[in-house]
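**Student:** show me how the following folds:
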Amino acid sequence: MRRNAVANRERILAAAEAVFGEHGAAGSTEDVARRAEVGIATVFRHFPTKAALVEAALIRHFDLLNERASTLADRADSGQAFRDLLRTMVEGGSTKLTLASQMPDGQFPPSVRQSADKLRATVEDLLDRAARSGAIRRDVGADEVYLLVRGLAQAAATTPTTPQTISRAIDVVIAGLSA
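**Tutor:** Residues are numbered from 1 along each chain as shown. Sure thing, here's the model as predicted:
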């Protein structure tokens, strides 16, 4: 792919995440094109349907989170790395939930499932390291972490909440997970 086509694709995906994260299914491909500063034909050249665009935006969301988690996993302080990842996941969780809600039948297609599974494996690894270091309780698994992240993200997505309140709620969850 040409360099400008790659740049356009990335701008379109970032715009799609923002538009659909803010407006859900009411967001349009025209809104995405405007935000990405490209023509609608450029959007459809990369993504022939709105569903394909949403799917690609969700994959991008998981892949970027996985990159962040992998970077954090390289830190010496695995407890702080896990806490930073948890915060990142909650803060971006409402966008993920909004994108995911647009998947047909509430099911992820295989491409999205693969990205989500890769992220989960990285989260499990980071959680295990944090538990072995004594920073996080050993009886906490990825299922509990994902439920807590989903709960906070869902609450933030559906209830007008200040960033300070979300941050304090994350601190409460982190305190509960700490050894």
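
**Student:** what lies in contact with stretch 25-37?
**Tutor:** 8, 11-12, 14-16, 18-20, 23, 39-40, 42-44, 47, 50, 53, 101-102 (C-beta atoms under 8 Å, 6 or more residues apart in numbering). (Each C-beta comes from the backbone N, C-alpha and C, glycine too.)

**Student:** switch the cut-off to 6 Å
**Tutor:** For stretch 25-37, the surrounding residues in contact (C-beta atoms under 6 Å, 6 or more residues apart in numbering) are 11, 12, 15, 16, 19, 20, 40, 43, 50, 102.

**Student:** can you pick the most crowded of these?
**Tutor:** residue 16 (28 neighbours; other C-beta atoms under 10 Å).

**Student:** can you tell me the closest non-neighbouring residue to that residue?
**Tutor:** residue 57 (4.1 Å; C-beta to C-beta, 6 or more residues apart in numbering).

**Student:** can you check residue 53 too?
**Tutor:** Nearest one to residue 53, counting by C-beta to C-beta, 6+ apart, is residue 47 at 3.9 Å.

**Student:** quick one: low-confidence parts of the chain?
**Tutor:** 1 (pLDDT under 70).

**Student:** now do the buried residues in stretch 159-179.
**Tutor:** For stretch 159-179, burial by neighbour count (16 or more other C-beta atoms under 10 Å) applies to 166, 169, 170, 173, 174, 177.

**Student:** and which of these is nearest to residue 131?
**Tutor:** Nearest to residue 131 among these, counting by C-beta to C-beta, is residue 177 at 9.5 Å.

**Student:** tell me the buried residues in the helix or strand harbouring residue 6?
**Tutor:** Using DSSP states H and E, the element containing residue 6 is helix 3-23. Neighbour-count burial for helix 3-23, counted by 16+ other C-beta under 10 Å, picks out 8-9, 11-21.
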